[in-house]
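Visitor: Sharing a model prediction with you, sequence too.
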Amino acid sequence: MTVTTTRASGLSYDAISNYAEAIGKHYGIYDASGRADIDSLIERLGGTVVVADNPESLHVNAPSDFVIAIPFTTSVRRDRFTKAHELGHYFLHYLFHESTEPESFHRGSRNRAETEANVFAASLLMPATRFKEWFAQDDDDWTLAGIFEVSPAAAGVRSQALHLK
């Protein structure tokens, strides 16, 4: 597998958000509250998740054959965001570039591609319409985090990204 500097998609953040939500809708991963079943999406796409000592990463062998690595020491909510983030790399930085060769993506650096993956993850896990509906009922980050099974920090960032706070 090659390890390279991840090429950003160059899509606008709005386009990335719309793309992530369209994927979630296409695969029917949202329940009535708007919570995403991220594990079923990974499975349907041909991916697997492993818990390992190595840092959070995505290893793509080929389209529809990938492995997401999550660490032993993180929470379920953090793991959900990590899985969605790595799916962001899969869709935005592997499939978008029409790659077919094995590639690895590792988290850690701060660059455009990492930000794109974060925007994708937040949008996939907290779809805008449902998030805004819940926010209108209760704008507490802890409450929103519980509904979408993300961290309160992720819910707070999503609130800001949607210009709700």
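Guide: Cool, got the structure.
Visitor: element containing T100?
Guide: Following DSSP states H and E, one finds T100 outside all helices and strands.
Visitor: where are the low-confidence patches of this protein?
Guide: Low-confidence segments of the chain, defined by pLDDT under 70: 1-5, 108-109.
Visitor: So which residue of it lies furthest out from the middle?
Guide: If you look at how far each residue of the chain sits from its centre, by CA atoms, centre = their mean, the farthest one is Q137, at 24.9 Å.
Visitor: how far away is that one from S12?
Guide: Separation of Q137 from S12 (CB to CB, to the nearest Å): 29 Å. The C-beta positions use only the backbone N, C-alpha and C, and glycine is treated the same way.
Visitor: T115 too?
Guide: Applying CB to CB, the value for T115 to S12 is 12 Å.
Visitor: what about the two, which has more around it?
Guide: Between T115 and S12, counted using other CB atoms under 10 Å, the more crowded position is T115 (14 against 11).
Visitor: how about the residue nearest to L95 when sequence neighbours are not counted, what does it touch?
Guide: Beyond its immediate neighbours in the sequence, the residue positioned closest to L95 (CB to CB, 6 or more residues apart in numbering) is P63, lying 6.7 Å away. For P63, the set of contacting residues under the criterion of CB atoms under 8 Å, 6 or more residues apart in numbering consists of G46, Y94, L95, T100.
Visitor: what does E98 give?
Guide: If a contact means CB under 8 Å, 6+ apart, then E98 has no contacts.
Visitor: just the strands in the chain please.
Guide: Chain-ordered strands for the chain, with DSSP state E as the definition, fall at 2-3, 47-52, 57-62, 65-71, 103-106.
Visitor: The longest one to strand 57-62, inter-axis angle?
Guide: With axes from the mean of the first three to the mean of the last three CA atoms, to 10 degrees defining the directions, strand 65-71 sits at 170 degrees from strand 57-62.
Visitor: tell me, how many neighbours does L144 end up with?
Guide: By other CB under 10 Å, the residues close to L144 number 23.
Visitor: is it true that it touches F135?
Guide: Yes: in this structure L144 lies within contact range of F135 using CB atoms under 8 Å: 6.5 Å.
Visitor: shared neighbours of these two, anything?
Guide: Contact criterion CB under 8 Å, 6+ apart; residues shared by L144 and F135: S159.
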